[in-house]
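>>> When you get a sec, could you give me coordinates for this:
(one chain, ligands or ions: 1)
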Amino acid sequence: MCSITCVLVALILLVFIPPIRRLLLSSPILWVMKKMHLVPSISETEKQAIEAGSAWVEKEFFSGKPNLKTLLSQPMPVFTHDERLFLDQQVEKLCLMIDDWKMWRTRDLPADVWDYIRKEKFLGMIIPKENGGLGFSPYAQSEVIKKIASHSFVVAIYVMVPNSLGPGELILHYGTDEQKKYYLPRLAIGDEIPCFALTETTAGSDAGNMQSSGVLFRKNGEVHIRLNWDKRYITLAKISTLMGVAFHLRDPDKIMGDRIDLGITCALVPHPYPGVVTETRHDPLGIPFYNGPTRGHDIEIPLSFVVGGEDGLGKGWMMLMECLAAGRGIAFPAQMAGSSQLAARYTVAYAQVREQFGVPIAKFEGIQKPLARIVSYTYLNEALRMYAVSALNQGIQSAVIASISKYHSTENSRKMVNDTMDILGGAAISIGPRNKISSYYFGTPLSITVEGANILTRCLMIFGQGAFRAHPYAFPMIDGLQKNDLKKFDKAFFGFVWHAISNSFRSVVFSVTRGWAALPFSFKKQSTYYRKIKWGSATFAMYTDVAMGVLGGSLKFKESITGRFADIVSNLYLASAVLRKYEADGEKKADWPAAKYTLDQLFFETETAFQEIYGNFPHPIFGPLLRYTMLPWSRINPIGSSVRDHEVEQIMKVIYGEMGGDFMERLTKGIFEPKDPIDHLNQVEKAAAFYQKVEPLLKKRKREGFESLTTEEKAQVVEWNVMKLEVVRVDEFTEEEYHS
Ligand SMILES: Cc1cc2nc3c(=O)[nH]c(=O)nc-3n(C[C@H](O)[C@H](O)[C@H](O)COP(=O)(O)OP(=O)(O)OC[C@H]3O[C@@H](n4cnc5c(N)ncnc54)[C@H](O)[C@@H]3O)c2cc1C
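Below is the predicted model of the structure:
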């Protein structure tokens, strides 16, 4: 009896009295972990990436105990009066000026459109009013880009680039007073055209490995930098007047201090500048915008060209990482939302007008499935855009949320545009002014590749940064270990252990009760998904802890596993965004089929990711353990299963009016609505609306013959036949036009 008590007392002392625990447990654990390299080594560039910005709701999922109130009460952004006016007037006018097809044909942005963009400060949306810019909120920027992108993918790029990561953003946050005073007003009105040169032939995704170099030297008593660079894929480089250049800076003569390697630095080089070459262009899938290489050989610049002057030496990577979130969180989701909303409107209408085998193709179940997916992706892209902008509007810059937004908005678009192409058939393949989809089709791969290509974003950034930034104990534990800080390590290590144990318990209980134990008293129709968020988070957090604990530093290289973890945390986040949108829009009956379909798909993908983790866990003991215990249980009791056919039917009822009425208009609110009667979106939508009117007559004709119709009815049927033929026509060109 005494010996059991003694053991218990010893254990309690050991675990719960920190000084004793540190001495007898944490100290040897720390030693072993260091010796066995059980935690990932973090380079300086990785550390700066991890530390950049802040964490937002992703913390909820990594904690395993998400607070639904936090997830579902994020404020939905609103416009200021000036922002509303700008959208209704300047953006509307810009869209009216754009002839997208002509731009593709001439492969150029017309001078009047470019002048208008500059004059009306479209390039200075991020620049505060006091510096001469528009000073728009992230929400307003997003709406402007969305509206332009819904009309012209190309013009959206011209507007997005100067408002994303580049000279404007860098000067705003890190520039010296002189740089701010001189450049910001000029950038705001387009007197300076910025570009940013980071990528090189051997440094694409691994941008930190850049070979471009700068060397400090003295000239006439002043410190200068001699620069050499060879960059490629640089948007607007050829027409830029202010080039942001990232390079590795060295100080071999130790002019600035003891360090020779000062690290990545960003400079602002006016263009043209002696020795800077931007003669040639790339041709990015035929999309007509300026993109090309730039080279600089032994360029001499004064220290005042460095972003932030002397203080900015060696801080370039930190600057880039801190600013990356805005572009990825605002520009891409907005561009994808605009393009996908246009495509959805067009395709839904077209499928009702286009007849084959005597009926509109929208009546075929084979077509209904991709149509439902299109609606779901559009709903999801809008939900994730608004959710991310809500964080940015509150001043929260999360790298993980930016990565999720960039990755999923572009991936959804890639899948959606293929569905669109399938439904439109030859009408999508034949390019010309009538084809509303081709620029979206050509443009989507571009968005997938830039600012962190998607595979890298999924495998390294979403989960990797999240695990360090949003996990309550991981980063403090590694930091304590690297700094040999026993106190910090001890606190984080035992916090980690307790976190894993409590989430294991929660995960089992939630799994057995399908989340009811987490939320017993909520009976709204969306409560099922509240429960799934709680259940999924507890299981995700537990497996994250297991993977980090068991695989240690090697987890970083197990991208098959980290990619699936990224899918799970993304889907939990996206499900929250969908629920937030559904509730913020007033929980309308007509919105539920699209919201539900999207949520079901997200949890089905979550289930697939869990099963793939259980089935492939790369560890000799835990692998088989999970395979033989968790995998069968997960198959019996999945958190999600594939979307049912009747859900597709529900979406058809909504989009073709039986249930929704204005659902498609609400889903695509904020896109450019062309007034021109010969615009093909207008024509197709007009025909689709007319079809709703004549459908009973067409049925009557089929049943009882043409002669059974009244004269007026016959006229309507004839009008319908003419209209539908006109609408399904594709563009034709003479030989001369084709070659011009
Ligand atoms: C049209 C266009 C405009 C651009 N504009 C600019 C600009 O203005 N300024 C600028 O500096 N750059 C610009 N870029 C460059 C862009 O950011 C890079 O293309 C991008 O970073 C990817 O680099 P890469 O093309 O060399 O691909 P690579 O780095 O060669 O990658 C190839 C593939 O490998 C994957 N991959 C790489 N590493 C990993 C990993 N560790 N794990 C998993 N997968 C991995 C990538 O995801 C990708 O799928 C532009 C590019 C394009 C195409």
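>>> pLDDT of whichever strand in the chain runs longest, averaged?
Assignment by DSSP state E gives strand 222-235 as the longest strand of the chain. The average pLDDT within strand 222-235 is 98.
>>> Kindly report the same for stretch 645-662.
Taken as a whole, stretch 645-662 has an average pLDDT of 90.
>>> just how off-centre is it within its chain?
With Cα atoms, centre = their mean, to the nearest Å as the basis, stretch 645-662 stands 28 Å off its chain's centre.
>>> Give the helix, strand or coil label for Asn435.
Three-state assignment for Asn435 (DSSP: H, G, I helix; E, B strand; the rest coil): coil.
>>> Just to check, it is in contact with Val730?
Yes - if you go by Cβ atoms under 8 Å, Asn435 and Val730 touch, sitting 7.5 Å apart. C-beta: built from backbone N, CA, C; applies to glycine.
>>> neighbour count winner among the two?
Asn435 (22 against 15; other Cβ atoms under 10 Å).
>>> any idea how far the most centrally placed residue in the chain is from Val113?
In the chain, the residue lying closest to the centroid (Cα atoms, centre = their mean) is Lys406, at 1.6 Å. Noted for Lys406: a distance of 27 Å to Val113, by Cβ to Cβ, to the nearest Å.
>>> Closest residue of the stretch 201-350 of the chain to the ligand?
Proximity of the stretch 201-350 of the chain to the ligand (Cβ to the nearest ligand atom) peaks at Gly204, 1.9 Å away.
>>> OK, contacts around that residue?
Ala453 (Cβ atoms under 8 Å, 6 or more residues apart in numbering).
>>> Mind telling me what element it is part of?
Assigned by DSSP states H and E, Gly204 belongs to neither a helix nor a strand.
>>> how far away is it from Ala577?
According to Cβ to Cβ, Gly204 and Ala577 sit 30 Å apart.
>>> Now do Thr241: how many residues are near it, please.
Neighbours around Thr241, by other Cβ under 10 Å: 18.
>>> For it, give me phi and psi.
phi -120, psi -10 (degrees, to the nearest 10).
>>> In contact with it, which residues are there?
Taking Cβ under 8 Å, 6+ apart, one finds 191-194, 270-271 in contact with Thr241.
>>> circling back to that earlier point, who touches both of Asn435 and Val730?
Ala427.
>>> ok so, going back, turn the contacts of Thr241 into a markdown table, columns for pLDDT.
Shown next, in a markdown table, are the contacts of Thr241 (pLDDT from 0 to 100):
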| residue | pLDDT |
| --- | --- |
| Asp191 | 97 |
| Glu192 | 97 |
| Ile193 | 97 |
| Pro194 | 97 |
| Pro270 | 98 |
| His271 | 96 |
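>>> Highest neighbour count among these?
Pro194 (28 neighbours).
>>> Identify the residue nearest it in space, chain neighbours excluded?
Among residues not flanking Pro194 along the chain, Pro167 sits closest, at 4.0 Å (Cβ to Cβ, 6 or more residues apart in numbering).
>>> And for Val728?
Nearest non-adjacent residue to Val728, counting by Cβ to Cβ, 6+ apart: Arg354, 5.5 Å away.
>>> so the one you found touches Phe364, yeah?
No - look at Arg354 against Phe364 with Cβ under 8 Å: they stay out of range, at 10.7 Å.
>>> And these two? Which one has more around it.
Higher neighbour count among Arg354 and Phe364: Arg354, with 21 against 15, using other Cβ under 10 Å.
>>> could you measure the more buried one against the ligand, distance?
33 Å (Cβ to the nearest ligand atom, to the nearest Å).
>>> before we move on, what about Leu23?
40 Å.
>>> What about that residue, how many residues nearby?
Neighbours of Leu23 under the rule other Cβ under 10 Å: 14.
>>> Am I right that it is in a helix?
Yes - counting by three-state DSSP, Leu23 is part of a helix.
>>> So it versus Asn484, what's the distance?
Separation of Leu23 from Asn484 (Cβ to Cβ): 15 Å.
>>> Same check on Gly316?
Taking Cβ to Cβ, one finds Gly316 at 29 Å from Asn484.
>>> Same check on Thr202?
Distance from Thr202 to Asn484, by Cβ to Cβ: 36 Å.
>>> How about the contacts made by Glu92?
Counting by Cβ under 8 Å, 6+ apart, Glu92 makes contact with Phe672.
>>> pLDDT wise, what is it at?
At Glu92, pLDDT is 98.
>>> Quick check: buried residues in the least confident helix or strand in the chain by mean pLDDT?
Least confident helix or strand, the chain: helix 44-51 with a mean of 75, by mean pLDDT, DSSP states H and E. Going by neighbour count (16 or more other Cβ atoms under 10 Å), the buried part of helix 44-51 is 45-51.
>>> Could you list the domains of the protein?
What automatic domain parsing lists as the domains of the chain is 2-71+466-648, 195-314, 329-457, 680-739.
>>> Tell me which of the ones you listed is the most buried.
domain 329-457 (a mean of 23; mean count of other Cβ atoms under 10 Å).
>>> Straight-line length of it, end to end?
Counting by Cα to Cα, to the nearest Å, you get 13 Å between the two ends of domain 329-457.
>>> where does the protein have low pLDDT?
Residues of the chain meeting the criterion pLDDT under 70: 1-2, 41, 659-660.
>>> Spell out which parts of this protein neighbour the ligand.
Proximity of the chain to the ligand, by Cβ under 6 Å from any ligand atom, involves residues 195-199, 204-205, 233-235, 284, 291, 446, 449-451, 453, 455-456, 459-460, 559.
>>> For stretch 195-202, list the C-alpha coordinates in PDB.
Extracted C-alpha coordinates of stretch 195-202, given in PDB (Å, rounded to 0.1, in the frame of the first residue of the first chain):
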ATOM      1  CA  CYS A 195       7.200  45.900 -60.900                       C
ATOM      2  CA  PHE A 196       8.800  43.500 -58.500                       C
ATOM      3  CA  ALA A 197      11.700  41.200 -59.500                       C
ATOM      4  CA  LEU A 198      12.200  38.200 -57.300                       C
ATOM      5  CA  THR A 199      12.100  35.100 -59.500                       C
ATOM      6  CA  GLU A 200      15.200  33.700 -61.200                       C
ATOM      7  CA  THR A 201      16.000  30.800 -63.500                       C
ATOM      8  CA  THR A 202      17.300  28.700 -60.500                       C
END
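>>> what's the distance between stretch 234-250 and the middle of its chain?
Distance, centroid of stretch 234-250 to centroid of chain: 24 Å (Cα atoms, centre = their mean).
>>> Now that we have the domains of the chain, can you turn them into JSON lines and tack on distance to Gln89?
JSON lines is the format used below for the domains of the chain (distance: least, Cβ to Cβ, whole Å):
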{"stretch": "domain 2-71+466-648", "distance to Gln89": "26"}
{"stretch": "domain 195-314", "distance to Gln89": "25"}
{"stretch": "domain 329-457", "distance to Gln89": "18"}
{"stretch": "domain 680-739", "distance to Gln89": "21"}
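>>> Which among those domains is found nearest to His151?
Closest approach to His151 among these (Cβ to Cβ): domain 329-457, 7.4 Å.
>>> if we can go back for a sec, which ones among the residues of the chain next to the ligand map onto strands?
195-197, 233-235, 291.
>>> quick one: which of those is nearest Met33?
Checking those against Met33 with Cβ to Cβ, the nearest one is Phe196 at 39.9 Å.
>>> so who does the closest one touch?
165-167, 234, 243-244, 246.
>>> what's the angle between the longest helix anywhere in the chain and helix 44-51?
Longest among the helix segments of the chain by residue count, using DSSP state H, is helix 316-353. For helix 316-353 against helix 44-51, the angle by axes from the mean of the first three to the mean of the last three Cα atoms, to 10 degrees is 60 degrees.
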